[in-house]
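> sequence-free structure coming up:
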């Protein structure tokens, strides 16, 4: 089956971003994708962090969630909806939320980013926690693909990638099998992306013996920020199947469950865990 990571260079204009996302989802669906994944903050890369507060939506309500629901249903694909700002009881903070919709428009899963990025090199400082409230639980969901099997999918966002214990927790949920796919929508900074993005994605794929789909923001944004991009799909052996360095586009690859089973049979590391 085909899956697609959608790369964007989102702007401060929500309507423009949704139009771009619609076009890329349509392009991926027309090329045969059964599942498409949008990047973190696909709907807004504001000029200030606080810009997202004005766009925050209540669960199940609002134009961004309606867009994702409609796009999934209209194109008959599973949509991993990057992230959008979701309201909290505190009007000064939101959650960075990933909503997943089935091909009939049904909400299949919601994940709130657990790990919040903070950076201080002595010259520059940034703290996501000034505006974001952290989530409180890992989420893995079984996603039924149109005309195909269901995929056990672990949800994560950007900075979560640095915390392997999160992926272990999702892959070994009591009563559920290991994940077939890990999703990592992101807006990695250029310096950290250049140093660590591919390294960490391939490591998560190898250690969990599963596919990884990583849709990213990739380019210089209107707010002056430059994101690393390099949206990619990685297979269970750590091979990068497809990648786009910068600029908007569709990164398409085949997800082969026979390949997944063969890797786990030939090197049964998941069954060798001692801790």
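Cool, got the structure. These numbers come from a predicted model, not from an experiment.
> in this structure, where's the longest strand?
Using DSSP state E, we find that the single longest strand of the chain is strand 94-101.
> centre of the chain to that one, how far?
Distance, stretch centre to chain centre, for strand 94-101: 10 Å (C-alpha atoms, centre = their mean, to the nearest Å).
> mind giving me the packing neighbours of the helix or strand just after that strand?
Counting by DSSP states H and E, the element after strand 94-101 in chain order, helix or strand, is strand 107-112. On a contact count with 3 or more C-beta pairs under 8 Å, 6 or more residues apart in numbering; DSSP states H and E, strand 107-112 meets strand 94-101, strand 139-144, strand 150-155. Every residue, glycine included, has its C-beta placed from N, CA and C.
> other SSEs contacting the first one?
Applying 3+ C-beta pairs under 8 Å, 6+ apart, one finds that strand 94-101 makes contact with helix 63-75, strand 78-80, strand 84-87, strand 107-112, strand 150-155.
> wait, which of those is closest to residue 4?
strand 78-80 (10.2 Å; C-beta to C-beta).
> tell me the buried residues in that closest one?
The neighbour-count check on strand 78-80 (16 or more other C-beta atoms under 10 Å) flags 78-80 as buried.
> ok, and what's touching that strand?
25, 34-38, 68, 71-72, 98, 100-103, 108, 143-146, 153, 155, 183, 185, 213, 215 (C-beta atoms under 8 Å, 6 or more residues apart in numbering).
> of the buried residues of strand 78-80, which is the nearest to residue 1?
residue 78 (10.4 Å).
> so the residue nearest to the spatial centre of the chain versus residue 272, what's the distance?
Compute the mean C-alpha point of the chain, and by C-alpha atoms, centre = their mean the closest residue is residue 185, 2.4 Å away. Residue 185 sits 31 Å away from residue 272, going by C-beta to C-beta, to the nearest Å.
> can you put the helices and strands packed on strand 107-112 in TSV and add mean pLDDT?
What follows is these, written out as TSV (pLDDT from 0 to 100):
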stretch	mean pLDDT
strand 94-101	98
strand 139-144	97
strand 150-155	97
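> between those strands, which one is closest to residue 229.
strand 94-101 (19.0 Å).
> and that closest one with strand 107-112, angle?
Using axes from the mean of the first three to the mean of the last three C-alpha atoms, to 10 degrees, the direction of strand 94-101 lies 160 degrees away from that of strand 107-112.
> about what we covered before: what would the helices and strands packed on strand 94-101 look like in TSV with distance to residue 198?
Listed next are the helices and strands packed on strand 94-101 as TSV, based on distance: least, C-beta to C-beta, whole Å:
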stretch	distance to residue 198
helix 63-75	27
strand 78-80	20
strand 84-87	26
strand 107-112	23
strand 150-155	19
